[in-house]
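A.B. asks: Pasting a predicted model and its sequence here:
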Amino acid sequence: MIKIKRTQYSNPDFQILTKLLDKELYSIYGSIMDHYNEFTVTEGIKHVLIAYNDLQPVGCVCFKYFSEGTVEFKRLFVLENFRGKGVAEQIINELEIWAKEAGYDKCVLESGTLQPEATRLFEKRNYQHIPNLRQYIGDELSYCMGKNL
């Protein structure tokens, strides 16, 4: 049974999961990921969710302020052997609830064009393709999405 915990960036389980996420992204995109490192900084983020199976951390996601009324979802990751079991949907749902509780009415995110499974996941949750956000404008490997909460 999956339990979702609200926490912040300094949680050691979040640090472990995001390191695994980075390793996976490097395996997909290679050294181009060096360019994106400055956009994946989570230090100071106060809205982090971790999914646990018993005591094992199996997934994470976080959000941060993007603009008035809008948050940016970051660092979504689920361990490979827990994918396809609804964990990502659970943590996205909880993050949307938390964002609404915090007073936001819209969320945006950036994913990569080489991660079609991520795009499909968000499309199932009614996210729509939007023009690339700020630092991703003109980046052919980036695919941005948004949703009104």
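C.D. replies: Cool, got the structure. Please read all numbers here as calculations on a predicted model, not as lab measurements.
A.B. asks: Can you list the low-confidence ranges for the protein?
C.D. replies: The chain contains residues with pLDDT under 70 at 34-41.
A.B. asks: so who does the closest residue to L133 other than its chain neighbours touch?
C.D. replies: Counting by Cβ to Cβ, 6 or more residues apart in numbering, C144 is the residue found nearest to L133 once chain neighbours are left out, at 5.0 Å. Just so you know, the C-beta spots here come from the backbone N, C-alpha and C atoms, and that holds for glycine as well. By Cβ atoms under 8 Å, 6 or more residues apart in numbering, the contact list for C144 reads V108, L109, E110, S111, H129, I130, P131, N132, L133, Y136.
A.B. asks: ranking those by neighbours, who comes first?
C.D. replies: When neighbours are taken as other Cβ atoms under 10 Å, the top entry among these is L109 (23 neighbours).
A.B. asks: Skip ahead from the longest strand along the chain and say which helix or strand is next.
C.D. replies: Longest strand in the chain by number of residues (criterion: DSSP state E): strand 56-67. Toward the C-terminus, strand 56-67 is succeeded by strand 70-78 as the next helix or strand (DSSP states H and E).
A.B. asks: Can you show me the strands along the chain?
C.D. replies: With DSSP E as the definition, the chain shows strands at residue ranges 2-7, 47-53, 56-67, 70-78, 106-112, 128-130, 142-148.
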